[in-house]
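Participant: here are the coordinates; sequence isn't available:
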């Protein structure tokens, strides 16, 4: 049964072009530990960071940026950190969800399951989501460095090439 995913992983790209977006009203390049963690882990894994942005939690600006990036063929994956909680300014989930042409519910479910092992029932507060905008993979994460590390190391990096392979078929 594991033969098919293993074959797909062998056929998957080893280097993926990524955009990293931090959604925050307060982070700066110096204080953006979540975004920097994504950049560092992508680099350590041999992937390309084509763009890194910090944007305010404003749905229209986020929507425009996501659509622009989705039109760039070299951007195969968009990784967002921040804005996934329940606060009144947290708009990442709503903004991304309305743009997804193919939701990937298992990503958020798996993230919350793994988070539960670390933080208990507070894991339900995360609204991490993912899917495709056209053929571009889009995954969101909370803004904390620990949450980013969990998502990247346990879920995203092990499947990044495979996700891109499947999205481009």
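Facilitator: Received, thanks. Small disclaimer: the values here were computed from a predicted structure and weren't measured.
Participant: How far off centre is stretch 154-161?
Facilitator: 10 Å (CA atoms, centre = their mean, to the nearest Å).
Participant: What residues does the residue nearest the centre of the chain make contact with?
Facilitator: Nearest to the mean C-alpha position of the chain, by CA atoms, centre = their mean, lies residue 139 at 2.7 Å. Applying CB atoms under 8 Å, 6 or more residues apart in numbering, we find residue 139 in contact with 77-80, 104, 107, 128-130, 151, 156. All C-beta atoms are positioned from the backbone trio N, CA, C, and that covers glycine.
Participant: and residue 102, backbone torsions?
Facilitator: Phi and psi for residue 102, reported as degrees, to the nearest 10, are phi -140, psi 100.
Participant: Same check on residue 153?
Facilitator: Torsion angles, degrees, to the nearest 10, at residue 153: phi -70, psi -40.
Participant: How many residues are close by it?
Facilitator: Counted with other CB atoms under 10 Å, the neighbours of residue 153 add up to 14.
Participant: is it true that it touches residue 41?
Facilitator: Yes - under the criterion of CB atoms under 8 Å, residue 153 makes contact with residue 41 at 7.0 Å.
Participant: close enough to count as contact, residue 84 and residue 91?
Facilitator: No - counting by CB under 8 Å, residue 91 is not a contact partner of residue 84; they are 9.5 Å apart.
Participant: Regarding stretch 23-35, how distant is the last residue from the first?
Facilitator: In stretch 23-35, first residue to last residue: 9 Å (CA to CA, to the nearest Å).
Participant: What of stretch 85-100?
Facilitator: Using CA to CA, first and last residues of stretch 85-100 are 19 Å apart.
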